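Undergrad: quick one: sequence and predicted model below, then my questions.
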There are 2 protein chains.
Amino acid sequence: MDDSQLQLSNQICFPLYSVSRLLTKAYKPFLDKMGITYPQYLVMMVLWENDGTPVNQISEKLLLNTNTLSPLLKRMEKSGFIERNRSEEDERTVIIKLTEKGKHLKTEAAPVPDELAKILVTENIKLSEVMQLKDLLNEWIKMLSDDNKK
Amino acid sequence: MDDSQLQLSNQICFPLYSVSRLLTKAYKPFLDKMGITYPQYLVMMVLWENDGTPVNQISEKLLLNTNTLSPLLKRMEKSGFIERNRSEEDERTVIIKLTEKGKHLKTEAAPVPDELAKILVTENIKLSEVMQLKDLLNEWIKMLSDDNKK
DNA sequence: TACATTTGTATCGCGCACGACTTAAACGTG
DNA sequence: CACGTTTAAGTCGTGCGCGATACAAATGTA
């Protein structure tokens, strides 16, 4: 192994990048059945918790800009999971509301987190380690997303 | 916070997905100066360590399929960092070799890992935690990439 | 030596991500 | 009220990722 390969950042960033992709792939069989993608699943979770969320709040929660969300939400509207309507108080903001089909999808999605948890915690991977990882990742999110605002 | 938000997998997968994106963004100012992207940087690291690597070995190391790598490598050839040549022993395999420009880029890239390390380890984030995270991520990579082969 | 199978690379289509930019509504200040 | 600024959403172009598929070279086997 070369010197540059031994660098801390390479040892961390590449695994993060790979695991993120591999996990999205692990979700795929479940989400395929539901007719959505992983980023769309994230939007659905925001809406199941808080129906009628405006685009800018979805943007804040998922750390995704509107140039990503606008086309994504249009695809979700086309698929019949959501409705997009301009707010009456403020004509600039667009309110995202679940359709009946979108609300119903929550039932179908209910077992997904458990299925994924089976992958994340195994004999080799302890729950305590995973929880510690979670805290570390959230610390990075705080730092890195603050940097972006400057 | 809703019940589904409390699920382990959501608490882990979303942060992983976000941190991966935010870190790629953190690399961007450095890589922009060099004229490459993060995935291209990964390929360069493979080549700096092992010039003349065939496409299928790059694929294995980076866990990226050829339908991602082929166009990416063509862009890198167009940018003048690499050469793509069919192997003489086996006409199917394509050998990737660094150009002089590509070799020279290693010098320019040398300070990048340290810059990133400054972001990854701070007063709030201990090196020991980061190393533990690394082990956990590699454990997941082992499991998840094995699943894909089946 | 014929032919099925495997292997290595590439093409195609679609859905993100994201920087740069546009457009329109709302707001603030003189 | 006029007008510059801010805010919210969207468009455009480029580069991934990746499933499905194509194709040719190499290999295995009868």
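TA: Great, that's in hand.
Undergrad: just the angle between the top helix by length along chain A and helix B:8-34, please?
TA: The longest helix of chain A (DSSP state H) is helix A:8-34. If you take axes from the mean of the first three to the mean of the last three CA atoms, to 10 degrees, helix A:8-34 sits at 130 degrees to helix B:8-34.
Undergrad: surely A:Lys97 meets A:Arg86?
TA: No: using CB atoms under 8 Å, A:Lys97 makes no contact with A:Arg86, being 12.0 Å away. Bear in mind the C-beta positions are built from the backbone N, C-alpha and C, glycine included.
Undergrad: neighbour count: the two, which is higher?
TA: Neighbours of A:Lys97 and A:Arg86, each counted by other CB atoms under 10 Å in any protein chain shown, are more numerous for A:Lys97; the result is 14 against 11.
Undergrad: quick one, phi psi at the more buried one?
TA: Dihedral pair for A:Lys97: phi -120, psi 140, per degrees, to the nearest 10.
Undergrad: do stretch A:44-54 and DNA strand C meet at all?
TA: No: applying CB under 7 Å from any atom of the strand, one finds stretch A:44-54 separated from DNA strand C by no less than 11.1 Å.
Undergrad: let me redo that: stretch A:26-33
TA: No: using CB under 7 Å from any atom of the strand, stretch A:26-33 stays clear of DNA strand C, coming no nearer than 9.7 Å.
Undergrad: state the mean pLDDT of that stretch.
TA: Mean per-residue pLDDT for stretch A:26-33: 97.
Undergrad: which residues sit against it?
TA: Outside stretch A:26-33, the residues within contact range by CB atoms under 8 Å, 6 or more residues apart in numbering or on different chains are A:37-38, A:40-41, A:108, A:112, A:115-116, A:119, B:13, B:144, B:147.
Undergrad: for chain A, what are the low-confidence residue spans?
TA: Scanning chain A for pLDDT under 70 picks out A:1-6, A:147-150.
Undergrad: what does it put close to DNA strand C?
TA: Taking CB under 7 Å from any atom of the strand as the criterion, chain A approaches DNA strand C at residues A:24, A:37-40, A:63-65, A:67-68, A:71-72, A:75, A:89-92.
Undergrad: list only buried entries from the residues you listed.
TA: Neighbour-count burial (16 or more other CB atoms under 10 Å in any protein chain shown) is assigned, among the residues of chain A next to DNA strand C, to A:24, A:37-40, A:63-64, A:72.
Undergrad: report the entries of these that also contact chain B.
TA: Contacts with chain B within those, as defined by CB under 8 Å from any CB of the partner chain: A:24, A:38, A:63.
Undergrad: now, which of those sits nearest B:Gln132?
TA: Closest approach to B:Gln132 among those (CB to CB): A:Thr24, at 23.4 Å.
Undergrad: was I right about that closest one contacting B:Tyr17?
TA: Yes: counting by CB under 8 Å, A:Thr24 touches B:Tyr17, with 7.1 Å between them.
Undergrad: the strands in chain A, which residues?
TA: Using DSSP state E, the strands of chain A run over A:53-54, A:82-86, A:94-98.
Undergrad: check which residues of the longest helix of chain A are buried.
TA: By neighbour count on 16+ other CB under 10 Å, the buried set for helix A:8-34 is A:8-24, A:26-27, A:30-31.
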